[in-house]
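1. Fold the following.
(one chain, ligands or ions: 2)
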Amino acid sequence: MAIVELDVLEDHERFRSELSSILPDGRRRWIYARKPSGIYYTARTILSVVLVAFLLLAPFIKIGGHQFLLLNILSREFVFFGVPFWPNDFYLVALIFLAVIVTIVLFTATLGRIWCGWLCPQTIFMEMVFRKIEWMIEGGPKEQAKRHSGPWTWDRIWRTSVKVGIFFAISFIIANTFLSYVISSDTLLLYVREGPFSHASLFVGLLFFTFVFFMVFYRFREQACVVACPYGRYMSALVDETTVAVTYDYMRGEQRAKWSKADNAARKSMHGTDGEFRRPHGRGDCVDCYQCVTVCPTGIDIRNGIQLECVNCTACIDACDEVMTRVGLPKGLVRYSSQQQIEQHTTSWLTGRIKAYLIVWTLLMVAAITLFAMRSTLDVGILRQEGTTWVTTATGMGNFYRLQIINKSNKDLPYVLNVVEPAGAVITPIDLPKVVHGGQIMKGRFLVTIPTDIATSFDKKLVLSIQSNGEIVKTVTTSFVMP
Ligand code: SF4
Ligand code: SF4
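-> Ligands and ions are numbered 1, 2, ... in the order given. Have a look, this model is predicted:
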């Protein structure tokens, strides 16, 4: 095993032991990223508009009277795609979460941190909302750096104040949005109408989370992806040489060398067509312009290979493609590719590991879909009433029972409670509604009386059935106590 002595690492090797956004003495090195432009940035911008709109509007979308997505951890109420899941469906919710995790693992192993660059709310808000506002208020990276290192002039004060105000307002909206996924949009709107002082503790919590979001986007920024996010941590265990990710084609790019007069002459000899005119002269296609570094929101140099800090945002692809176009070399020096593809010009992404992930994923999906399809609309629970034994009635012996029915559908459902065994037993309802309302839990009691003539031969096992719309929903076997 090679032992690397950190203090003797060359400057170009320092990325192995240091984070680009943290100085060797532990202080923060602020990243002033340049605005990228190109096909990937445009695509990400369009996607981010769709995703932000979805995130903000989804709590207000109702399907069959249910919120599209609700994650009420406090009262253990979950709704996915308008389908409510109850606490007794927890096994199904756990299975869905497990399937989501395996899906992310599968995607990471095949396509790297594609989630981070394209779908993660942290990246989307940071790069597509907050950073764009920052560019508008404070200008490009050079202006920002100059202003931040200078004195507190009026120009700096008003720009910072406007930025802080807007960042805080957006953070407040984000905090409200996430709250509406937890307590539901209806409840949130009700609380808004009633005013913050009617729910002071919740409002304080809301302000706390607003402040957390504000600090994440105002100060913490890329550190969330680099040092805090657990997904980034285990990414290194999932990717290998076949993983397709944002990659620098070092076979084509090295030996990197600045653009020179000789390149101008060589390019002219190509008569305006793109082509490889540097490599015959011992120079790779990388013109060492650092444009891929200046756009990177985590401040890394993609030419050092796949790194933990890379969130696959594709900004360096756009930056390098722009440079390649300008100098007349083929695009794609930085592109979505795998190490194997770059070295061998071929790839076999369907490795044994991916096949194993696919099998696990398929099994989980089949199990989740099957269990979901088998999930009954009514969930029934019958228990003998606690603290009671038996009662003697005019016709025989009686026991009290509690009935609980959860209606998971959106419709009101009637039901019929019957005794299957022993024949002749009689049910007397006590505060039992005849209908279970949609999305509600119905609770009630009933008395079962065993006639005196059959009580002597009765084996103390009672079988009850619940029918709804002509179908037996559940058959329950319970005990019956007698002297
Ligand atoms: S290296 Fe490229 S893809 Fe990775 S974070 Fe930086 S700019 Fe984005
Ligand atoms: S943008 Fe392209 S050419 Fe410029 S340094 Fe990066 S990889 Fe090299």
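
2. Can you show me the helices along the stretch 301-450 of the chain?
-> 315-327, 339-344, 352-374 (DSSP state H, counting those that start in this stretch).

3. Now tabulate the ones you listed in CSV and tack on mean neighbour count.
-> For glycine as for every other residue, the C-beta is placed from the backbone atoms N, C-alpha and C. Listed next are these as CSV, based on neighbours: other CB atoms under 10 Å:
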stretch, mean neighbour count
helix 315-327, 22
helix 339-344, 16
helix 352-374, 13
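
4. Of all the ones you listed, which one is nearest ligand 2?
-> helix 315-327 (3.3 Å; CB to the nearest ligand atom).

5. Remind me what that closest one packs against, helices and strands.
-> helix 39-57, helix 291-294, strand 334-337 (3 or more CB pairs under 8 Å, 6 or more residues apart in numbering; DSSP states H and E).

6. Can you name the residues that contact residue 281?
-> Contact analysis of residue 281 by CB atoms under 8 Å, 6 or more residues apart in numbering lists 262, 266.

7. Repeat that for residue 257.
-> 278, 283-284, 286-288.

8. and which of the residues you listed is nearest ligand 1?
-> residue 286 (14.1 Å).

9. Which strand or helix spans that closest one?
-> Residue 286 belongs to no helix or strand when elements are defined using DSSP states H and E.

10. Any regions of the protein where pLDDT drops low?
-> Filtered on pLDDT under 70, the chain yields the residue ranges 1-16, 270-275.

11. Same list, the helices of the stretch 301-450 of the chain, but as CSV with distance to ligand 2 please.
-> Shown next, in CSV, are these (distance: least, CB to the nearest ligand atom, whole Å):
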stretch, distance to ligand 2
helix 315-327, 3
helix 339-344, 13
helix 352-374, 29
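
12. Quick check: which of those helices is nearest to ligand 1?
-> Here helix 315-327 is closest among the helices of the stretch 301-450 of the chain (CB to the nearest ligand atom), at 3.2 Å.

13. can you pull the contacts of the residue positioned nearest the centre of the chain?
-> Centroid check for the chain by CA atoms, centre = their mean gives residue 120 as the closest residue, at 6.6 Å. Neighbouring residues of residue 120 by CB under 8 Å, 6+ apart: 225, 311.

14. ok, now how distant is it from residue 104?
-> 11 Å (CB to CB, to the nearest Å).

15. again, but for residue 334
-> Counting by CB to CB - residue 334 and residue 104 are separated by 24 Å.

16. With neighbour numbers in mind, choose between those two.
-> For residue 334 and residue 104, the more surrounded residue by other CB atoms under 10 Å is residue 334, and the numbers stand at 26 against 16.

17. The more buried one: what's it in contact with?
-> 246-249, 292, 302, 316-317, 319-321.

18. Need the single longest helix in this structure, by residues.
-> helix 154-183 (DSSP state H).

19. quick one: contacts of the helix or strand just after that helix?
-> Moving toward the C-terminus from helix 154-183, the next helix or strand (DSSP H and E) is helix 185-194. Residues outside helix 185-194 that contact it (CB under 8 Å, 6+ apart): 59-60, 67, 176, 179-180, 183, 198-199, 202.

20. Could you rerun that using 7 Å?
-> By CB atoms under 7 Å, 6 or more residues apart in numbering, the list of residues contacting helix 185-194 from outside reads 59-60, 67, 176, 179-180, 199, 202.

21. and which of the residues you listed is nearest ligand 1?
-> residue 176 (29.7 Å).

22. what residues does the stretch 151-300 of the chain put near ligand 2?
-> 248, 253, 286-292 (CB under 6 Å from any ligand atom).

23. let's go with 5 Å and repeat that
-> 286-287, 289, 291-292 (CB under 5 Å from any ligand atom).

24. wait, what's in contact with residue 286?
-> Residue 286 sits in contact with 253-254, 256, 303, 333, where contact means CB under 7 Å, 6+ apart.

25. make that residue 295, sorry
-> 33-34, 36, 315-316, 319.

26. switch to 10 Å and redo it
-> 33-38, 41, 141, 313-320, 322 (CB atoms under 10 Å, 6 or more residues apart in numbering).
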